[in-house]
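S.K.: Would you be able to build a 3D model of this:
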Amino acid sequence: MRQMNPAAPLAAALLMALCAPALAQKSTADGIAEYREMLQDGNPAELFEMKGEELWKQKRGPKNASLERCDLGQGPGVVKGAFVELPRYFADTNKVQDLESRLLTCMQVQQGLDAAKIAATPFGKDEQKNMEGLVAWVASQSKGMKLALPQSHAKEKQMYEVGKRMFYLRGGPHDFSCASCHGADDKRIRLQDLPNLTQTKGAAEGFGSWPAYRVSSGDLWSMQRRLNDCFRQQRFPYPGYASDVTVALGVFMGVNGKGGMSTAPAIKR
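M.R.: Numbers count the residues shown, from 1 in each chain. Sure, this is the predicted structure:
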């Protein structure tokens with residue numbers, strides 16, 4: 001009978017111990033992916049989409065008008081395909097605007113609502129709650145389309161460069177930057193995979209999936225709200241809602257993700 005090497009069981013046990021973390025990590029990631037896939041069939045974001053469509057057509061504000069003539073970049077009232085080309089330059093404001101800042105412009109100009117007051121309203125309350133519905137519906141009308149943010153205007157190019165600088169800017173008590181979490185492949189926090197926003201695949205995934213319904217908070221988050229939370233985690237001062245810095249970061253991510261597919265409104269942990 002062949003004699004067993006007495007070191008073999010020890011080597012096998014050691015190999016299993018070394019492989020266990022990798023196997024557990026893979027199992028956890030697969031489990032999260034399966035969980036998200038199951039939830040997609042009944043994504044609660046659909047409720048926000050329905051509310052957003054109603055708000056788009058509803059006459060509201062001091063001017064008793066709807067948003068059906070709002071120009072999101074494709075012409076007055078055209079929603080399909082608008083989301084995947086935002087942020088972009090708008091001649092009437094002479095600014096590069098993302099979806100939220102552009103909706104604020106339309107709500108003020110067409111409906112007579114106070115854009116500054118809406119921007120100062122806490123997330124999830126009053127007109128901010130309505131904003132979440134609007135961004136969910138507008139985004140849903142471009143779901144499955146490819147990100148194609150324009151970079152033909154000088155201000156669009158400038159905002160990309162500003163966004164790039166902000167992405168790598170380090171500061172705060174922990175000396176963090178956006179790149180600390182999202183500047184390389186294979187990073188994660190606890191169970192959360194962190195997309196590399198400097199590469200097409202990661203940028204498309206990270207930018208093209210917001211707005212999204214967050215299971216952990218039971219609410220829909222716009223990109224503005226997501227960025228606000230990133231600043232909080234970096235221990236930075238909160239950025240102003242629809243401020244240039246948030247729009248610039250959106251340009252940076254969206255341009256990096258060009259050609260990737262929009263999946264918003266997605267579902268997140």
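
S.K.: C-alpha from now on. contacts and neighbour counts both.
M.R.: OK.

S.K.: Which stretches in this protein count as strands?
M.R.: 88-90, 95-97, 187-189, 192-194, 212-214, 219-221, 266-268 (DSSP state E).

S.K.: Each with direction, which strands does the first one pair with?
M.R.: This means strand 88-90. The strands beside strand 88-90 in its sheet (DSSP bridges) come out as strand 95-97 (antiparallel).

S.K.: At which residues are the helices of the stretch 51-200 of the chain located?
M.R.: 99-111, 115-120, 126-140, 154-168, 178-182, 200-207 (DSSP state H, counting those that start in this stretch).

S.K.: CA atoms of the shortest one as PDB?
M.R.: Provided in PDB are the C-alpha atoms of helix 178-182 (Å, rounded to 0.1, in the frame of the first residue of the first chain):
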ATOM      1  CA  CYS A 178     -13.300  60.500  -5.500                       C
ATOM      2  CA  ALA A 179     -10.400  58.500  -7.000                       C
ATOM      3  CA  SER A 180      -9.600  56.900  -3.600                       C
ATOM      4  CA  CYS A 181     -12.600  54.700  -4.100                       C
ATOM      5  CA  HIS A 182     -13.300  54.900  -7.800                       C
END
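
S.K.: before we move on, the earlier item: the strands of the chain: lowest mean pLDDT?
M.R.: Mean pLDDT is lowest for strand 187-189 among the strands of the chain, at a mean of 80.

S.K.: Can you tell me what sits against that strand?
M.R.: With contacts defined as Cα atoms under 8 Å, 6 or more residues apart in numbering, strand 187-189 is touched by Cys181, Asp193, Leu194, Pro195.

S.K.: Repeat the analysis, applying 7 Å as the threshold.
M.R.: For strand 187-189, the external contacting residues (Cα atoms under 7 Å, 6 or more residues apart in numbering) are Cys181, Asp193, Leu194.

S.K.: now, among these, which is nearest to Ala204?
M.R.: Leu194 (12.5 Å; Cα to Cα).
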